[in-house]
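Enquirer: Just need the structure, nothing else, for what follows:
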Amino acid sequence: MSRGPAHAEPTLRLTDVHAWIGQSSILHGIDFDVPARAVTVLLGRNGVGKTSILRSILGFLRCEGEIRFDGMDLTKLPTHRVALSGIGYIPEDRDVFHGLTVAENLRLAERRGATVDYGRVYDLFPDLAKRSRQLAGTLSGGQQQMVSVARALLNDNQLLLIDEPTKGLSPRLVTELVTSLEKVVQDTTVLLVEQNLAAARRLADHVVVIDQGRVVADESADSMFGDGERLRDMLGVGSARAARGPHS
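Expert: The predicted model follows:
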């Protein structure tokens, strides 16, 4: 069940969004809302358009339709204006600056004029405080992911876009990261792409399933994860078992 007020305006609304990479059409009339103070998870097989939705919101792709955030149509803004509007982004492949220290990576993420909260970051990821002078390129994959998440959490964002945060992490690190994210999502709005369905189930209030650039399901997490057979049909063989968790 969503943590947001039952009848609150959504933080983000996508209406008839089409997007292209070069001449290739990749999103075909995307419509869904991201409720305030809740976690909306985008599910779907690889290559169906989930990351393209995040990239469209950020202005990285040519798109048409309406993407409305806090009263603004983001499709009319350049990417740097989107970022300054109060949207944090955690990319799929971490994208830390390997030749800079942890502290320097975080400093570069500070948004001018925004409230910066290092205490929150170091409370969530105390290991980063200990390694603040270490080059990010010498960190483990899990530690680099912590840096990537921390950069988005430094500023007071109204919306977090998170792309595959558990990708490539060991089961232990997945558990640690999801536990940290559970604390983060208590007071913000999140749009999350996540292939690990056990992790997605722990975090999700709301689920949107994408297939071939279109929305094929849009409902509560309880409803979606409660119907394993239908989820298996939409996501492929074995998904229903994954959705129940690794020890079911």
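Enquirer: only C-alpha atoms for contact and neighbour calcs from this point on.
Expert: Noted.
Enquirer: Go through the host helix or strand of residue 81 and flag the buried ones.
Expert: Per DSSP states H and E: residue 81 is located in helix 79-84. Burial within helix 79-84, assessed by neighbour count using 16 or more other Cα atoms under 10 Å, is assigned to 79, 82, 83.
Enquirer: got a list of what the closest residue to residue 118 other than its chain neighbours touches?
Expert: Excluding the flanking residues, the one nearest residue 118 by Cα to Cα, 6 or more residues apart in numbering is residue 154, at 6.1 Å. For residue 154, the contact set (Cα atoms under 8 Å, 6 or more residues apart in numbering) comprises 106, 109, 110, 115, 116, 117, 118, 120, 121.
Enquirer: nearest to residue 38, of these?
Expert: Residue 38 lies nearest to residue 120 out of the contacts of residue 154, by Cα to Cα, at 19.5 Å.
Enquirer: where's that closest one, which helix or strand?
Expert: Using DSSP H and E, residue 120 sits in helix 118-124.
Enquirer: same thing with residue 105?
Expert: Per DSSP H and E, residue 105 falls inside helix 102-108.
Enquirer: And that helix, what's buried?
Expert: Neighbour-count burial for helix 102-108 [16+ other Cα under 10 Å]: 102, 103, 104, 105, 106.
Enquirer: any chance of those residues in TSV, plus pLDDT and distance to residue 91?
Expert: Listed next are those as TSV, based on pLDDT from 0 to 100; distance: Cα to Cα, whole Å:
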residue	pLDDT	distance to residue 91
102	97	17
103	97	19
104	97	18
105	96	14
106	96	15
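Enquirer: What residues does the spatially most central residue of the chain make contact with?
Expert: In the chain, the residue lying closest to the centroid (Cα atoms, centre = their mean) is residue 162, at 1.9 Å. By Cα under 8 Å, 6+ apart, the contact set of residue 162 is 89, 90, 91, 92, 190, 191, 192, 193.
Enquirer: Drop anything exposed from those residues.
Expert: Among the contacts of residue 162, those scoring as buried are 89, 90, 91, 92, 190, 191, 192, 193 (criterion: 16+ other Cα under 10 Å).
Enquirer: farthest pair in these?
Expert: Using Cα to Cα, the buried ones among the contacts of residue 162 span at most 14.9 Å, a distance reached by 92 and 190.
Enquirer: Please, where are all the helices along the chain?
Expert: Secondary structure of the chain (DSSP state H): helices located at 50-58, 79-84, 102-108, 118-124, 126-130, 141-153, 171-184, 197-203, 221-225, 228-235, 239-244.
Enquirer: Go through the fifth one and flag the buried ones.
Expert: Buried residues in helix 126-130, defined by neighbour count with 16+ other Cα under 10 Å: residue 128.
Enquirer: Quick one: list the elements packing against that helix.
Expert: Identification of packing neighbours for helix 126-130 by 3 or more Cα pairs under 8 Å, 6 or more residues apart in numbering; DSSP states H and E yields helix 141-153.
Enquirer: try the first one
Expert: When contacts are defined as 3+ Cα pairs under 8 Å, 6+ apart, helix 50-58 packs onto strand 24-34, strand 62-69, helix 79-84, strand 159-163.
Enquirer: Output the shortest one as PDB, restricted to C-alpha atoms.
Expert: Spelled out, it's strand 159-163. In PDB, the C-alpha atoms belonging to strand 159-163 read as follows (Å, rounded to 0.1, in the frame of the first residue of the first chain):
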ATOM      1  CA  LEU A 159      12.200  12.700  -6.700                       C
ATOM      2  CA  LEU A 160      14.800  10.000  -7.000                       C
ATOM      3  CA  LEU A 161      15.300   8.100 -10.300                       C
ATOM      4  CA  ILE A 162      17.200   4.800  -9.500                       C
ATOM      5  CA  ASP A 163      18.300   2.500 -12.200                       C
END
